[in-house]
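[1] here is my input, please return the structure:
(chains A, B, C and D)
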Number of protein chains: 2
Amino acid sequence: MNVRTLCLAVLSLGDATGYEIKKRLEGPLHYIHEASFGSIYPALTRLTTEGLVTCTELNQTKRPDKKVYALTQAGKVALLDELTAEIPETDRVRSDFLVMMHFAHLLPPAFVEQVIEKRLEVYRALLGDLDREALWPARERSPATQFVCGYGRAVIAASLKYIEENRHLVEAAALMTSEQTTTSQPTATAAE
Amino acid sequence: MNVRTLCLAVLSLGDATGYEIKKRLEGPLHYIHEASFGSIYPALTRLTTEGLVTCTELNQTKRPDKKVYALTQAGKVALLDELTAEIPETDRVRSDFLVMMHFAHLLPPAFVEQVIEKRLEVYRALLGDLDREALWPARERSPATQFVCGYGRAVIAASLKYIEENRHLVEAAALMTSEQTTTSQPTATAAE
DNA sequence: GCAATCATGTAAAACGTTACATGATTCG
DNA sequence: CGAATCATGTAACGTTTTACATGATTGC
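    As a prediction, this is how the structure comes out:
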């Protein structure tokens, strides 16, 4: 799934400018895919030359001029083709947090604790946001959008619960290292 | 978190060749970070010139020669520096699956169903793997590793449960489109 | 007055994947 | 006999981020 296809997909929900496409990717989709202006604008230019989208320039008096993009019939076909091209494999997760936790035994206990507290805080806030969003008028949200938001909610809730119940595992790991390296007893091994 | 730091981290668990580093990233860490030979080998050469790792060449008779890498003291410091450089932000998830589900209303119902079945199947298998791995001798697994594996388990279990309970949302979305575009009877239901 | 929002775009740099090149050995 | 494992590395390619360039307007 590249920015190109993502643009087509967003445009299938309604015409938009490059700027608006980015904003729409900051909604519920933000958790599953992001894109920067530096990738969106070139993608739109390319899609226009390929005839998959049309571009209408709008002159605005009090704002910079706009370029409103719209899907063409060929664009709809291309989107369907790309979405059905293959059955998606497992999601790719890049978690610096989990890498850190995996090597918690190398880190100062205070740092590990701080990282965990921060993560809990962010997840609690996120969960609150999602719950508030869920109260939006139902007509605004398609079942598909509900599915995606609910999925995010379920995963974050599970993560939160897991961290709360198992943080002792990594906090103990960090503690052990600090005992080894910070003490001066003769039993200390491999200082350097 | 780049491949460079990841190599240092893996080497902190014991000396290894580039080949072995890749293998070790295919264990429990596989869900959170991957790396290809094309990124590992150049990273190791650079780390050697920077003095963060040492390289010992081993000649083997029945196998290609090996280069065993080991962390230096400077490497340990660099690893600690990079791990504590900043508190990690939210994980980046790239989910073609969820993008697809978000646009389920554009897709043929049979395809959506197939994608969901496949996902359930993969997650059930994964969960089974993780449960079997959890039976490994405890001395083999550090608390930190247990934490990471358990985290993956919790998230996958939550995803599985959520999909099972909410698939009707996206399956209904797909159904609606097909009624609009392909059927002639008003009551037709997703036969193929 | 300063920050944020609206609005588009380019260029350079970073990072990583994929494919290619090589080749013995071991297992089914 | 073919596939997988062990083992290293390069080069081309693609994608995306980051930084830069520009500039009016609106809200605090």
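[2] thought residue A:175 was touching residue A:109?
    Yes: at 5.1 Å, residue A:175 and residue A:109 qualify as touching, with contact defined as C-beta atoms under 8 Å. C-betas here are computed from N, CA, C, even on glycine.
[3] ok, and the helix or strand in chain A with the lowest average confidence?
    helix A:143-182 (a mean of 87; mean pLDDT, DSSP states H and E).
[4] list the buried residues of that helix.
    Of the residues in helix A:143-182, A:143-160, A:162-163, A:166-167, A:169-175, A:177 count as buried by neighbour count, 16 or more other C-beta atoms under 10 Å in any protein chain shown.
[5] do stretch A:127-134 as well
    In stretch A:127-134, counting by 16+ other C-beta under 10 Å, buried: A:127, A:130.
[6] how far does it sit from its chain's centre?
    Between the centre of stretch A:127-134 and the centre of its chain there are 16 Å (C-alpha atoms, centre = their mean, to the nearest Å).
[7] and stretch A:159-173, by the same measure?
    On C-alpha atoms, centre = their mean, the centre of stretch A:159-173 falls 23 Å from the chain's centre.
[8] what does that stretch contact?
    If you take C-beta atoms under 8 Å, 6 or more residues apart in numbering or on different chains as the criterion, stretch A:159-173 is touched by A:101, A:104-105, A:109, A:112-113, A:116, A:119-120, A:123-124, A:127, B:142-144, B:146-147, B:150-151, B:154-155.
[9] any idea how far the most centrally placed residue in chain A is from DNA strand D?
    By C-alpha atoms, centre = their mean, chain A has its centre lying nearest to residue A:31, at 2.8 Å. Distance of residue A:31 to DNA strand D, computed by C-beta to the nearest atom of the strand, to the nearest Å: 13 Å.
[10] which ones are touching that residue?
    A:152, B:93.
[11] also the one 5 residues further on?
    Each residue near residue A:36 by C-beta under 8 Å, 6+ apart is listed here: residue A:22.
[12] and it, what's its pLDDT?
    Per-residue pLDDT puts residue A:36 at 94.
[13] just the strands from chain A, written as ranges.
    All strands of chain A, identified by DSSP state E, fall at A:53-58, A:66-71, A:92-94.
[14] can you mark which positions in the second one are buried?
    Read that as strand A:66-71. Within strand A:66-71, judged by 16+ other C-beta under 10 Å, the buried ones are A:66-67, A:69, A:71.
[15] tell me which of those is nearest to DNA strand D?
    Each of the buried residues of strand A:66-71 was checked against DNA strand D using C-beta to the nearest atom of the strand; the closest is residue A:66, at 11.0 Å.
[16] quick check: closest non-adjacent residue to the closest one.
    Nearest-residue entry for residue A:66: residue A:58, 4.3 Å, with adjacent residues in sequence omitted and distances by C-beta to C-beta, 6 or more residues apart in numbering or on different chains.
[17] can you tell me how far the one you found is from residue B:8?
    Look at residue A:58 and residue B:8: by C-beta to C-beta, to the nearest Å, they are 52 Å apart.
[18] the two: which is more packed in?
    With neighbours defined as other C-beta atoms under 10 Å in any protein chain shown, residue A:58 and residue B:8 compare such that residue B:8 has more, 23 against 10.
[19] was I right about the more buried one contacting residue B:52?
    Yes: using C-beta under 8 Å, residue B:8 makes contact with residue B:52 at a distance of 6.6 Å.
[20] now the common contact residues for these two.
    With C-beta under 8 Å, 6+ apart as the test, residue B:8 and residue B:52 both reach B:71, B:75, B:78.
[21] of those, closest to residue B:22?
    Residue B:22 lies nearest to residue B:71 out of the shared contacts of residue B:8 and residue B:52, by C-beta to C-beta, at 17.3 Å.
[22] any idea what that closest one is bridged to?
    On the basis of DSSP bridges, residue B:71 is bridged to residue B:53.
[23] let me know whether it touches residue B:55 as I believe.
    No: at 11.5 Å, residue B:71 does not count as touching residue B:55 under the criterion of C-beta under 8 Å.
[24] and the residue of chain A found nearest DNA strand D, how many neighbours?
    Closest residue of chain A to DNA strand D, C-beta to the nearest atom of the strand: residue A:38 (2.2 Å). By the criterion of other C-beta under 10 Å, residue A:38 has 9 neighbours.
[25] now do it against residue A:32, distance only.
    20 Å.
[26] next: residue A:13.
    15 Å.
[27] the more surrounded of those two?
    Set residue A:13 next to residue A:32 and count neighbours by other C-beta under 10 Å: residue A:32 wins out with 22 against 15.
[28] could I get the pLDDT score of the residue nearest to residue A:98 when sequence neighbours are not counted?
    Distance criterion C-beta to C-beta, 6+ apart; nearest residue to residue A:98, sequence neighbours excluded, is residue B:32 at 4.4 Å. Here, the pLDDT recorded for residue B:32 equals 87.
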